[in-house]
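Enquirer: After the sequence you'll find the predicted model.
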Amino acid sequence: MYRNTPPTIHLKDYRPPEFLIDRVELRFELDAEVTRVEALLQMRRNPAATRGDGDLHLDGEQLELEHVAIDGRPLPPAEYRVESEALILHHVPDRFRLETRVRIHPMLNTALEGLYQSGTLLCTQCEAQGFRRITYFLDRPDVMACYTTTLVADKGRYPVLLANGNPAGTEDLGDGRHLARWEDPFPKPSYLFALVAGDLHEVADRFTTASGRDVALRLYVEPENHDKCDHAMRSLKKAMRWDEERYGREYDLDVYLIVAVGHFNMGAMENKGLNVFNAKYVLARPDTATDQDFLGIEGVIAHEYFHNWTGNRITCRDWFQLSLKEGFTVYRDQEFSADMGSRDVKRIADVRTLRARQFPEDAGPLAHPVRPESYIEINNFYTATVYEKGAELVRMQVLLLGPEVFRRATDLYFTRHDGAAVTIEDFVRCMEEASGRDLTQFMRWYSQAGTPELTVTDDWDAADGVYTLTFRQQTAPSANHPSLGPLHIPVAIGLLDGAGRDLPLRIAEDTAEPPSGTRVLELRREEATYRFVGLRARPVPSLLRGFSAPVRVRYDYSDDDLMFLMAHDSDGFNRWDAAQTLAQRLLLRLVAEPEAAVPEGFVAAFRRALTDHEADPALRAEVLKLPSEAHLGEQMAIVDVDGIHRAREGLKQAILAALRDEFRAAYEDHRDAGPYELTPAAIGRRALKNLALGYLMQDGDAEAVDLCTAQFEAGTNMTDVIAALGLLVDAGGAPAERALDTFYRRWSGDPLVLDKWFAVQAASKRPDALARVEALLGHEAFTLRNPNRLRSLVGVFCNLNPVRFHAADGAGYRFLGDRVLELDPLNPQMASRLLQALARWRCYDPDRQARMRAQLERILDAVELSKDVYEVASKTLGEKAI
Ligand code: B3K
Ligand code: ZN
């Protein structure tokens, strides 16, 4: 907790560690109240380091030191100093064995960082800097060591004892306690350390690697969840096979363990050989989890598994390089999911996320490059920019190199850097060497904050049959982030003829046969012009196909062009994007002119999309989903909160009035005929059916309410049940209350399902949503101490219910301020995440701005603040430029 300004850490200050640690032996006497940790570290001076003051500085927080010795000699107090975040040993030899013993208190650990209690389990979370809450250490990723871990605990309370690596024996200690030893032969940074102890149910399976090694796979869950593990285990095996086939990467230990815990700050953690997961990303049964939950599990299981090579075997030199592992691993999991399901649907979902989370971040006070240059609290940098934009940077490199060359480049990366802690330059250098290309200019993407804008103009010369496209790129500089000059941007484009077919893309200078279909243009200058020759008529351009670069494109399409692309573009992503642009444009017009009519052409285009029985239902559902209120707000200089809500609800109403019969038919045609299936086709059918139900419920029509109630009552799968419940809650009245009651009675014993009950109420469109959310804070099942519960009520209200959160009286902001101040002493990471709902405060009208600002100032005035919240509040207010 900080009273004064906490220090800022800079990338330019990076120095290699003065000491290295070759071996780590840990012994834990586990107990929820008091755990003792003995550490034995084989240390030596780093020959590559510049010599400091001769002292050894070890990181440590909230540790009670009981014993410290060097080479077996206990140190007298004159030879060391304990500070609040360090243990400093004076004048240590060049090579020595350090022994420490500390006491820690898992039960009092509400920050969920280090060793903590979740239910009756004990578990750890060390990334980024949690290991220093377990023992004194050089807690930085470029110190890699081999670990042996011994766990001692009560046999009754903690029958299962897990740590990283391979099992290396167990013992009954005869006094009611037992012991388990684990050895991890692969050097790793401390952030990948993990242990778990508790009464866990084990689900076992096996995997034979491509080279014939046998790996034991085990999933550990609390006993009542034993029947919700199949999907996670299947996902793991698919991910293991995929990484062998696509990247030639095999698993390396004898066991792969995943533990599901109920209290977890984020999604999951890739600890070597022992992943710890938020239960939300493991447990699923069709009656408890939605299709999106199932897909989320598949993606996160794969993501953590892929980290074994991209993150664990090869790790980050320092935390500024976080995107080295996260950007690449997100790219890998996105591609895995695309291969497992529908590629276009996956790309649409990923771009939706990027635009909804990363673009606003990049345009606001918390903007930072994919490789940040400074931070106060590293936990604040696990962001959409580092993860999602980082993945886009890898995707662009794949596009520039082509898949075969990219594979050669990753082979080189894995061979060259195995066992090392490296930088983003090291990664890009492998791309350069494998391809022979110069990516110096491309590297700017990693240092440039802000979303580039690409303005496109065109010209048609009918006499010569030449179509000219001119691209102008610009990235707006901001206070802390200058513009670094033009970026190297791959722009995939197509040109459509009057019948909607792709034309050959012949540029005057071409010597080889040009591609017909898609051509990737590589922009390198502020402005670039391409002349396409040999055309008979003016084509319609399809720009940035597949979203080939994380930029905003400005091109003056006519509505007719957009409808044409919606119907004909061979690029599935751009068909969807054309529909989004069309709807966005109409919605923004309706915000400005509430009385404006909905053009007949728009309704006709929606009708075609809805009734196009040839098209994949999943894609149809995506096309028919209107841009979110938050997304529309991002397009306005001053967000008109109520105007946007009114326009969007009004347009849905108008679409329903015109297409009611078509929606009814779509609903009927896409009901599940047989038992629940988790195929892309079945998921797509349910998506379209529930989208249709959403439109049908738009005017509170009694027949629709009956249909919705019937779906809620009959539903055997959670996808259908929760979709119906959400719509009933939005409609309000007795049917909603009855359904909420039924749902609660049925599911109050299942925390993950109960989270959904909180979430649908927090997302409600009803004017009394905040009152309800406030009342739910007092509900017996609510607690601030469980991150999932907190996210489902407070997080959903503040982030996914813009019209109620941004109510003009500022009550939503006060509510948020209260929660942040209440939460900060307990769990700074969660408090700081929550506070980010105010990041875009400058985009609102003066009244709302003043009210948001007042909350930010009130928070900053608090006597004691965590670094996490201090950093976000101060940067958001912009008072202290960092
Ligand atoms: N590497 C972890 C995230 C750790 C967050 C620490 N605040 C999960 C992941 O990205 O796979
Ligand atoms: Zn990750």
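Expert: It's in. Numbers count the residues shown, from 1 in each chain. Ligands and ions are numbered 1, 2, ... in the order given.
Enquirer: What are the buried residues along stretch 529-544?
Expert: In terms of neighbour count (16 or more other C-beta atoms under 10 Å), stretch 529-544 has its buried residues at 530, 531, 532, 533, 535, 538, 539, 540, 541, 542, 543, 544. For every residue, glycine as well, the C-beta is placed using N, CA and C.
Enquirer: what's the spatially closest residue to residue 678 that is not a sequence neighbour in contact with, if anything?
Expert: Leaving aside its chain neighbours, residue 678 sits nearest to residue 294 (5.7 Å; criterion: C-beta to C-beta, 6 or more residues apart in numbering). Applying C-beta atoms under 8 Å, 6 or more residues apart in numbering, we find residue 294 in contact with 231, 284, 678.
Enquirer: Give the buried residues for the biggest helix by length in the chain.
Expert: Determined from DSSP state H, the single longest helix within the chain is helix 641-669. When burial is assessed from 16+ other C-beta under 10 Å, helix 641-669 yields the following buried residues: 641, 643-645, 647-652, 654-656, 658-660, 662-664, 666-667.
Enquirer: what packs against that helix?
Expert: In terms of contacts (3 or more C-beta pairs under 8 Å, 6 or more residues apart in numbering; DSSP states H and E), helix 641-669 is packed against helix 572-592, helix 600-611, helix 629-634, helix 680-696, helix 802-805.
Enquirer: Contacts only, for the residue lying closest to residue 571 once chain neighbours are set aside.
Expert: Leaving aside its sequence neighbours, residue 571 sits nearest to residue 545 (C-beta to C-beta, 6+ apart; 4.2 Å). Neighbour list for residue 545: 492, 493, 494, 518, 571, 573, 574 [criterion: C-beta under 8 Å, 6+ apart].
Enquirer: returning to what we had before: any idea of the angle the longest helix of the chain forms with helix 600-611?
Expert: 40 degrees (axes from the mean of the first three to the mean of the last three C-alpha atoms, to 10 degrees).
Enquirer: any idea what the residue lying farthest from the centre of the chain is structurally, helix, strand or coil?
Expert: Going by C-alpha atoms, centre = their mean, the residue of the chain most distant from its centre is residue 463, 51.1 Å out. Classification of residue 463 by DSSP: H, G, I helix; E, B strand; the rest coil places it in coil.
Enquirer: Use 18 as the first number from now on
Expert: Noted, 18 is the first residue going forward, which turns the last one into residue 480.
Enquirer: give the contact list for it.
Expert: Residue 480 touches nothing, counting by C-beta under 8 Å, 6+ apart.
Enquirer: Got the domain ranges for the protein?
Expert: In terms of domains, the chain is parsed into 18-216, 217-321, 331-560, 582-894 (source: automatic domain parsing).
Enquirer: Save those domains as JSON lines, and put in distance to residue 566 too.
Expert: Formatted as JSON lines, the domains of the chain follow (distance: least, C-beta to C-beta, whole Å):
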{"stretch": "domain 18-216", "distance to residue 566": "25"}
{"stretch": "domain 217-321", "distance to residue 566": "23"}
{"stretch": "domain 331-560", "distance to residue 566": "5"}
{"stretch": "domain 582-894", "distance to residue 566": "13"}
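Enquirer: Quick one: neighbours of the residue nearest to residue 208 when sequence neighbours are not counted, just the number.
Expert: Leaving aside its chain neighbours, residue 208 sits nearest to residue 144 (4.2 Å; criterion: C-beta to C-beta, 6+ apart). Residues near residue 144, counting by other C-beta atoms under 10 Å, number 24.
Enquirer: Tell me how far residue 427 lies from ligand 2.
Expert: The spacing between residue 427 and ligand 2, counted by C-beta to the ion, to the nearest Å, is 17 Å.
Enquirer: What of residue 167?
Expert: Per C-beta to the ion, residue 167 is found 29 Å from ligand 2.
Enquirer: wait, that residue sits on residue 198?
Expert: Yes - if you go by C-beta atoms under 8 Å, residue 167 and residue 198 touch, sitting 5.0 Å apart.
Enquirer: Look at residue 733 and tell me its secondary structure.
Expert: Under three-state DSSP, residue 733 falls in the coil class.
Enquirer: For it, give me the pLDDT.
Expert: The per-residue pLDDT reported for residue 733 equals 84.
Enquirer: one step back: can you add distance to ligand 1 and give the domains of the chain back as a markdown table?
Expert: Listed next are the domains of the chain as a markdown table, based on distance: least, C-beta to the nearest ligand atom, whole Å:
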| stretch | distance to ligand 1 |
| --- | --- |
| domain 18-216 | 4 |
| domain 217-321 | 5 |
| domain 331-560 | 4 |
| domain 582-894 | 6 |
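Enquirer: Good, we can wrap up now.
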